[in-house]
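Colleague: Sequence and predicted structure below; questions after.
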Amino acid sequence: AMKPACLILDEATSMLDPVSRHDFMQLVQTLVHDQNMTVVNITHHMEEVLLADFVYVMSGGRVVTSGTPAEVFDQVSLVRREGLDVPDHTEITHTVARLLDGSLQPLEAASWDRARLAIIRLLDEANRRAAQTGWYPELPRKERPVPPDEAETVIAVNNLSYVYAPGTAMETRALDRVSFDVRKGELLGIIGHSGSGKSTLIQHLNGLLRGHKGQVTVLGMDGSTNADIKKIRQRVGLLFQYPEHQLFEETVFQDIAFGPKRMGLDMAKIEPRVLKAARIVGLQDEELERSPFELSGGQKRRAAIAGVLAMEPEILILDEPAAGLDPAGRDEILDYAAQLRRMGVTVILVSHSMEDIARLADRVLVLRQGRVHAFGKTADVFSQEEELALAGLSLPRTTAFLKSLSDALPALDWHCFKPEEAALRIAAAGLNPAFCAERTV
């Protein structure tokens, strides 16, 4: 309405799901092209950077590189060194070149279409070299995962429904007959379009909300009775979005110790819990004596997570734990989640990032308008592109790029979520079997 000549966006899409982010960026492009508006977009999403005319990469208060998106992302090592993401198609193409002992021309992997053509060229050259010299690349073998044994159910949700402001003009049905289970020791991903019911659902799992219909059973306890809810909250940790806003004590140590104190533990038991939780999230001893408000943003988030871990929950629920963080900070936080899973903690991860969920989750629950839209193993859920689109979601970018190559490489299994593994599959599918016998990934 103000009709500015210049619009500055500071992480404007950080809390949007993929489709909403895409729609928002389309609107931004319309402003640029139709109204000749100048837009400065500060972002950690590399797919948004690809839409820019010119890019500045900043670190430590200075510009470390600049250029068109193609020129910047062609500097894969530099971008990675600055803790940023490289577009998946660029990273995959550079990895394929390395696996095949090939070389890329400047900017050859910059765009999605050019990266596809570069991969086909690299494979053709590798096959010709193999036919002429007998050379073939040493592709690392990938162990095929062994399906885990059926584990016990630690959370069972049956026909759960919840309505906000029932009986009023503001009545909103947030959950409608939701049913699913969570198994001991797994990492369950929950995804869905903004407003699909994700945050409402997880608040039922430790008794913050109680369903109007249906049943929630947590660790054998009833999530609707007062006596059981108190016990559930001692065994189920819930970390909300931007948890650093919940810090309030005089020192980091005291903040981390707050939960165990509320559990009625004495200091002899609290101190080792605090120190253990601090080590897990990478906080140093000297940082524990500082005010939490003196910490950096990333350190505050680690302190908040440590406060939940100090309660030693059997189940940990993380609601958008990487929101607002740069790629390096995101990877650090999500690595903690993976580490906890390896330690035997059951983890429930809510995220708008298809890439993070695909990379980490054992199973995925998809919500749409308060209902279960899909539920199953990660590979099964992310093979249903049309169903995901109906829920306002999209395939992980690595998966989508592999699928775009499937016509040229019929043997390619595109159900893959990690760029490194994707490159291995491309090399295995594209090389002549006569020269690469039994080298499968």
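Modeller: Cool, the structure landed.
Colleague: When you work out contacts or count neighbours from here on, use the C-alpha atoms and nothing else.
Modeller: OK.
Colleague: who touches the nearest residue to residue 160 once chain neighbours are set aside in this structure?
Modeller: Here the nearest residue to residue 160 in space, its sequence neighbours aside, is residue 214; by CA to CA, 6 or more residues apart in numbering that works out to 4.1 Å. Shown in contact with residue 214 (CA atoms under 8 Å, 6 or more residues apart in numbering): 157-161, 177.
Colleague: partner strands of the helix or strand that contains residue 214, parallel or antiparallel?
Modeller: Using DSSP states H and E, residue 214 sits within strand 213-218. With DSSP bridges as the test, strand 213-218 is paired with strand 153-164 (antiparallel), strand 221-222 (antiparallel).
Colleague: Same list (those) but as JSON lines, adding mean neighbour count, mean pLDDT and distance to residue 315.
Modeller: Putting those into JSON lines (neighbours: other CA atoms under 10 Å; pLDDT from 0 to 100; distance: least, CA to CA, whole Å) gives the following:
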{"stretch": "strand 153-164", "mean neighbour count": "18", "mean pLDDT": "96", "distance to residue 315": "9"}
{"stretch": "strand 221-222", "mean neighbour count": "17", "mean pLDDT": "94", "distance to residue 315": "13"}
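Colleague: Which of the ones you listed sits closest to residue 246?
Modeller: Of all the strands paired with strand 213-218, strand 153-164 sits nearest to residue 246, with 24.6 Å by CA to CA.
Colleague: mind checking how far the closest one is from the chain centre?
Modeller: 24 Å (CA atoms, centre = their mean, to the nearest Å).
Colleague: what about the residue lying closest to residue 422 once chain neighbours are set aside, neighbour count?
Modeller: Excluding the flanking residues, the one nearest residue 422 by CA to CA, 6+ apart is residue 416, at 6.1 Å. Residue 416 has 24 neighbours, counted by other CA atoms under 10 Å.
Colleague: same thing with residue 294?
Modeller: Using other CA under 10 Å: residue 294 sits among 12 other residues.
Colleague: Residue 182 now?
Modeller: Around residue 182 there are 21 residues (other CA under 10 Å).
Colleague: who's it bridged to?
Modeller: residue 155.
Colleague: How much space separates it from residue 48?
Modeller: 35 Å (CA to CA, to the nearest Å).
Colleague: try residue 8
Modeller: 14 Å.
Colleague: Just say helix, strand or coil for the residue nearest the centre of the chain.
Modeller: Residue closest to the mean C-alpha point of the chain, counted by CA atoms, centre = their mean, is residue 356 at 2.3 Å. Look at residue 356: counting by DSSP: H, G, I helix; E, B strand; the rest coil, its state is helix.
Colleague: Buried ones in stretch 333-340, by neighbour count?
Modeller: Under the neighbour-count criterion of 16 or more other CA atoms under 10 Å, stretch 333-340 has 333-334, 336-338, 340 buried.
Colleague: repeat for stretch 371-378
Modeller: For stretch 371-378, by 16+ other CA under 10 Å, it's 371-375, 377-378.
Colleague: and if you look at stretch 106-124?
Modeller: 107-112, 115-116, 118-120, 122-123.
Colleague: Would you confirm that residue 239 contacts residue 322?
Modeller: No: counting by CA atoms under 8 Å, residue 239 does not reach residue 322; the two are 11.2 Å apart.
Colleague: So those two - more neighbours on which side?
Modeller: Using other CA under 10 Å as the criterion, residue 239 and residue 322 rank with residue 322 on top: 24 against 20.
Colleague: which residues touch the more buried one?
Modeller: The neighbourhood of residue 322, defined by CA under 8 Å, 6+ apart, consists of 329-330, 333-334.
Colleague: mind running it again at 10 Å?
Modeller: 14, 241-242, 298, 301, 329-334, 351-353, 356 (CA atoms under 10 Å, 6 or more residues apart in numbering).
Colleague: Pick the one among the residues you listed closest to residue 130.
Modeller: Distance to residue 130, by CA to CA, is smallest for residue 356 among those, at 37.0 Å.
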